[in-house]
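> Structure, please.
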Amino acid sequence: MGTALGLLLVGDGHQVHALRRNVSALPAALAPLAADLAAPESLSNLPEIDYLFYTAAADGPDDAAYACAYVSGVENLLAALRSAGQSVRHAFFVSSTGVYGQDAGEIVDETSATLPVRFTGARLLQGERTMLDGDYPASVVRFGGIYGPGRTRLLRLVKAGASCNVAPPRFSNRIHRDDCAGVLRHLMGVDAAERIYLGVDCEPAAQCEVMEWLAKRLNAPPPAREIAAGACGQGKRCSNARLLESGYEFRYPTFREGYGQIIGTLAPAELEAG
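The predicted structure follows:
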């Protein structure tokens, strides 16, 4: 997401500094900035910036990795910018709809209670608060499940004959990688941006609906419809009304347009990979 955003902004005429520990794989259009968010001493010579996009990802699935990426990493970067006397116009923190704990099919928006049930959501919520309470005007974007280039797990599952839960229905919220980058680029140009946005497409959809549509497009057998035994959550349905009101226009407004584009560009071998 960060690289896709950077390339969009370069195309708009901006100079983009990309901070990574290993910058060797960065596109030539991005100015490499070798540094480590977990090592404050490496952040001592940051270039002057106008806008900050914090798109870091955890190194692993454990609590320590999440705390490093989303809590201490934010603290270290803000401290370095403050120490350098930087005047950042606006900072953006990439978060997740995982900060919500609703699981009964509720409609969720930016005002809904954040009661994460896993440490991942709790750490992201800490990072949000750190950025929002920091020295600069800031916004948080809580993205749903990101799919797109290189993120084809659901396609492989459908191709392999995975089943879906029809009762109770399991809702999911998603957004194409290109729209993630587009949302952040758009919000950079919004005057008086809100503190929190939900970054999801226009149609929260039931698991079976999505998988059955994919099966048809992939010429695969339809997924077996299963009824969950015992207690089974329904997920949540996230609203992107605030984002739409800000003027953003989705490139892929539903899973149909987004997955349709991916399927049209995939080589058959890509669906057989693990």
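
> When you work out contacts or count neighbours from here on, use the C-alpha atoms and nothing else.
OK.

> From what I see, V117 and T97 are in contact.
No. Using CA atoms under 8 Å, V117 is not in contact with T97, being 11.7 Å away.

> More neighbours: those two, which one.
Using other CA atoms under 10 Å as the criterion, V117 and T97 rank with T97 on top: 25 against 13.

> Can you give me the distance of that one to L8?
Distance, T97 to L8, by CA to CA, to the nearest Å: 24 Å.

> what's around F255, how many residues?
Neighbours of F255 using other CA under 10 Å come to 22.

> For D109, see how far away it is.
20 Å.

> try A56
Taking CA to CA, one finds A56 at 24 Å from D109.

> what does A29 give?
Distance from A29 to D109, by CA to CA: 36 Å.

> ditto for R129
Using CA to CA, we find R129 at a distance of 17 Å from D109.

> Same drill for the two, tell me which one is more crowded.
D109 (18 against 14).

> Is that one in contact with C238, as I believe?
Yes. The criterion here is CA under 8 Å, and D109 meets it with C238 at 6.0 Å.

> what is in contact with those two at once?
Listed contacts common to D109 and C238 are L198; contacts here mean CA atoms under 8 Å, 6 or more residues apart in numbering.

> So what touches the longest helix seen in the chain?
Ranked by residue count, the top helix of the chain under DSSP state H comes out as helix 119-132. With contact meaning CA under 8 Å, 6+ apart, helix 119-132 is reached by 63, 66-67, 70-71, 74-75, 91, 93, 95-96, 98-100, 116, 138-140, 195.

> 6 Å instead?
Under the criterion CA atoms under 6 Å, 6 or more residues apart in numbering, residues 67, 70-71, 98-99, 116, 138 lie in contact with helix 119-132.

> Distance check, P149 against L37.
Separation of P149 from L37 (CA to CA): 26 Å.

> neighbour count winner among the two?
Legend: neighbour count by other CA under 10 Å for P149 and L37, higher for L37 (21 against 12).

> in what helix or strand does the more buried one lie?
Following DSSP states H and E, one finds L37 outside all helices and strands.

> Need the per-residue pLDDT for it.
Looking at L37, its pLDDT stands at 97.

> For A57, see how far away it is.
For L37, the distance to A57 - CA to CA - is 11 Å.

> For these two, list the residues in contact with both.
When CA under 6 Å, 6+ apart defines a contact, no residue borders L37 and A57 alike.

> mind checking the SS state of the residue nearest to D50 when sequence neighbours are not counted?
Nearest residue to D50, sequence neighbours excluded (CA to CA, 6 or more residues apart in numbering): V88, at 4.8 Å. Here V88 is recorded as coil under DSSP: H, G, I helix; E, B strand; the rest coil.

> again with the one 5 residues further on
Per three-state DSSP, the local secondary structure of F93 is strand.

> what's near enough to touch it?
Shown in contact with F93 (CA under 6 Å, 6+ apart): 54, 140.

> following the longest helix of the chain, which helix or strand comes up?
Following helix 119-132 in sequence order, the next helix or strand is strand 138-143 (DSSP H and E).

> and that next one with helix 119-132, angle?
Strand 138-143 runs at 160 degrees relative to helix 119-132, counting by axes from the mean of the first three to the mean of the last three CA atoms, to 10 degrees.

> following strand 138-143, which helix or strand shows up next?
Next along from strand 138-143, by DSSP H and E: strand 145-147.

> Packing partners of that next one?
Packing partners of strand 145-147 (3 or more CA pairs under 6 Å, 6 or more residues apart in numbering; DSSP states H and E): strand 174-176.

> And the contacts of the strand it packs on?
Taking CA under 6 Å, 6+ apart as the rule, strand 174-176 contacts 144-148, 200-201.
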